[in-house]
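> Got a predicted structure here, sequence first:
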Amino acid sequence: MRLLITGGAGYIGHSLVAALQHTGNSAIEEIVVYDNLSRKSYSFFHHGAFKEVPIRFVEGELLDERSLDKALKGIDIVVHLAAKVTTPFSDQEAHLFDQINHWGTALLVNAVQKSKVKHFIQLSSASIYGRTEQAVDENFDPQPFSFYGISKWNAEKQVALLQDHCTMHVIRSGNVYGFNPSLRIDAVINKYMFNAHFNGRIKVFGDGSQQRPFIHVDKLASALVACISGSVNPGTYNVVEHNYSVNQVMAYIKHIFPDLEVLSVNPNVPMPKVTVKTPAKIWEQVDLPEIGFLDELKAFQEAFAF
């Protein structure tokens with residue numbers, strides 16, 4: 001069995017490849033990491049030892065159909081992580097979300113349709129649900145309003161074209177947090193932890209009551225590994241563990257940094273809210289690692305160099 005992971009050298013890709021190295025799944029012959037290195041981070045290549053399963057790196061663009069066709073030769077499973085990612089509800093560089101997340105996925109789907117790929121796993125986002133006053137599940141009709149959310153919902157529609165071609169999993173992830181060497185420092189909790197540790201202050205936009213769904217990067221990787229191994233039934237799944245308001249996240253962080261200064265920015269401006277029903281149904285098929293949110297934040301803090 002040979003896997004291709006688009007965006008595999010990124011934040012989630014790092015945790016996924018690390019997890020695949022320790023599954024003991026002898027059926028995995030090779031992992032092909034397909035990435036354009038647009039984040040200019042090379043931590044994937046020199047932090048950690050990936051020695052258990054052979055890895056091959058292909059530097060390529062999601063919008064380069066010829067490179068995709070070549071990379072997919074001999075591949076059995078595709079895990080599609082590559083995307084333009086942003087903090088929630090940001091609309092900067094709007095055209096790139098549609099170009100990369102939507103049409104890049106369309107090109108990948110077209111290439112997969114011409115290949116012998118047997119299994120496709122799409123990493124989507126809870127951002128597709130838009131603003132919600134109620135906790136939503138997978139049956140909720142997506143109503144995205146950010147350019148990022150719209151592009152990920154359109155990507156899901158492209159992936160649906162594969163339903164007669166191969167086994168499919170669509171994973172709608174909450175906001176990802178937690179340390180690994182390739183971490184995204186702009187992710188909400190990661191940015192809070194960095195600023196709390198090194199600057200001693202955090203900016204909170206709005207009154208802090210806005211809620212978001214969250215999942216630790218290693219727990220997301222565990223869910224993806226379970227999909228790859230075939231222990232999760234094909235389908236669409238939310239991968240979320242917590243729904244926390246910004247104020248609740250602040251309370252946990254202040255437990256670690258008691259002298260933290262919290263600066264309120266536009267506290268009277270309402271901020272969007274989205275929550276996902278928990279426990280998510282995927283945890284009926286996947287063992288959720290038993291580590292609490294506070295301990296995850298402490299482990300993050302301990303990973304800082306000074």
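Yep, that arrived.

> which intervals of the stretch 1-150 of the chain have sub-threshold pLDDT?
Applying pLDDT under 70 to the stretch 1-150 of the chain flags residues 24, 86-92.

> the strands in it, which residues?
2-6, 30-35, 55-59, 77-80, 119-125 (DSSP state E, counting those that start in this stretch).

> what does the first one rub up against?
Yep, that's strand 2-6 we're talking about. 13, 16-17, 20, 28-35, 62, 71-72, 74-82, 108, 228 (C-beta atoms under 8 Å, 6 or more residues apart in numbering). C-beta here means a position set from N, CA and C on the backbone, and glycine is covered the same way.

> Could you do the shortest one as well?
Residues from elsewhere that reach strand 77-80, judged by C-beta under 8 Å, 6+ apart: 1-8, 16, 72, 105, 108, 112, 117-123, 159, 224, 228.

> how far away is Val188 from Pro272?
Relative to Pro272, Val188 is positioned 13 Å away (C-beta to C-beta, to the nearest Å).

> Contacts only, for the residue nearest to Ser67 when sequence neighbours are not counted.
Sequence neighbours aside, Gly60 is the residue nearest to Ser67 in space, at 3.9 Å (criterion: C-beta to C-beta, 6 or more residues apart in numbering). Contacts for Gly60 (C-beta under 8 Å, 6+ apart) come out as 34-36, 67-68, 71.

> Specify which member of those residues is nearest to Val240.
The shortest approach to Val240 among the contacts of Gly60 belongs to Asp35, at 25.7 Å (C-beta to C-beta).

> Who does that closest one form a beta bridge with?
Beta bridges link Asp35 to Glu59 when assigned by DSSP bridges.

> of the strands of the stretch 1-150 of the chain, which approaches Tyr177 most closely?
Proximity to Tyr177 (C-beta to C-beta) singles out strand 119-125 among the strands of the stretch 1-150 of the chain, at 14.1 Å.

> helices or strands up against the closest one?
Applying 3 or more C-beta pairs under 8 Å, 6 or more residues apart in numbering; DSSP states H and E, we find strand 119-125 packed against strand 77-80, helix 147-159, strand 167-173, helix 217-229.

> May I ask which of the contacts of Gly60 has the most neighbours?
The most crowded member of the contacts of Gly60, judged by other C-beta atoms under 10 Å, is Tyr34 (29 neighbours).

> Isn't that one up against Leu81?
No: Tyr34 sits out of contact with Leu81 when judged by C-beta atoms under 8 Å, with a separation of 9.6 Å.

> residues bridging contact with these two, i.e. touching both?
When contacts are counted by C-beta under 8 Å, 6+ apart, Tyr34 and Leu81 are jointly contacted by 5-8.

> Dump these to a markdown table, plus distance to Phe198 and neighbour count.
Formatted as a markdown table, these follow (distance: C-beta to C-beta, whole Å; neighbours: other C-beta atoms under 10 Å):
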| residue | distance to Phe198 | neighbour count |
| --- | --- | --- |
| Ile5 | 31 | 28 |
| Thr6 | 32 | 26 |
| Gly7 | 28 | 23 |
| Gly8 | 29 | 24 |
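
> would JSON lines of the residues you listed with distance to Asn180 be doable?
What follows is those, written out as JSON lines (distance: C-beta to C-beta, whole Å):
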{"residue": "Ile5", "distance to Asn180": "15"}
{"residue": "Thr6", "distance to Asn180": "18"}
{"residue": "Gly7", "distance to Asn180": "14"}
{"residue": "Gly8", "distance to Asn180": "13"}
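
> and of these, the nearest to Asn243?
Sorting those by how near they are to Asn243, with C-beta to C-beta, puts Gly7 at the top with 26.0 Å.

> for the closest one, what are its contacts?
By C-beta under 8 Å, 6+ apart, Gly7 lies in contact with 13, 34-35, 80-83.

> how close does Glu59 get to Ser38?
Glu59 is 11 Å from Ser38, by C-beta to C-beta.

> quick one, which of those two is more surrounded?
In this view Glu59 and Ser38 are compared by other C-beta under 10 Å, and Ser38 has more residues nearby, 14 against 11.

> how close does the more buried one get to Val136?
Using C-beta to C-beta, Ser38 is found at 31 Å from Val136.

> wait, what's in contact with Ala296?
Careful, residue 296 is Glu; it's not Ala. By C-beta under 8 Å, 6+ apart, the contact set of Glu296 is 177-178, 216.

> Can I get stretch 291-302 in CSV, CA atoms only?
Output in CSV follows, covering the C-alpha atoms of stretch 291-302 (Å, rounded to 0.1, in the frame of the first residue of the first chain):
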residue,chain,number,x,y,z
ILE,A,291,-5.0,13.7,27.5
GLY,A,292,-6.9,16.8,28.7
PHE,A,293,-6.8,20.3,27.3
LEU,A,294,-4.8,21.8,30.1
ASP,A,295,-2.2,19.0,29.9
GLU,A,296,-2.0,19.6,26.1
LEU,A,297,-1.3,23.3,26.7
LYS,A,298,1.3,22.5,29.4
ALA,A,299,3.1,20.2,26.9
PHE,A,300,3.0,23.0,24.4
GLN,A,301,4.5,25.4,26.8
GLU,A,302,7.3,22.9,27.7
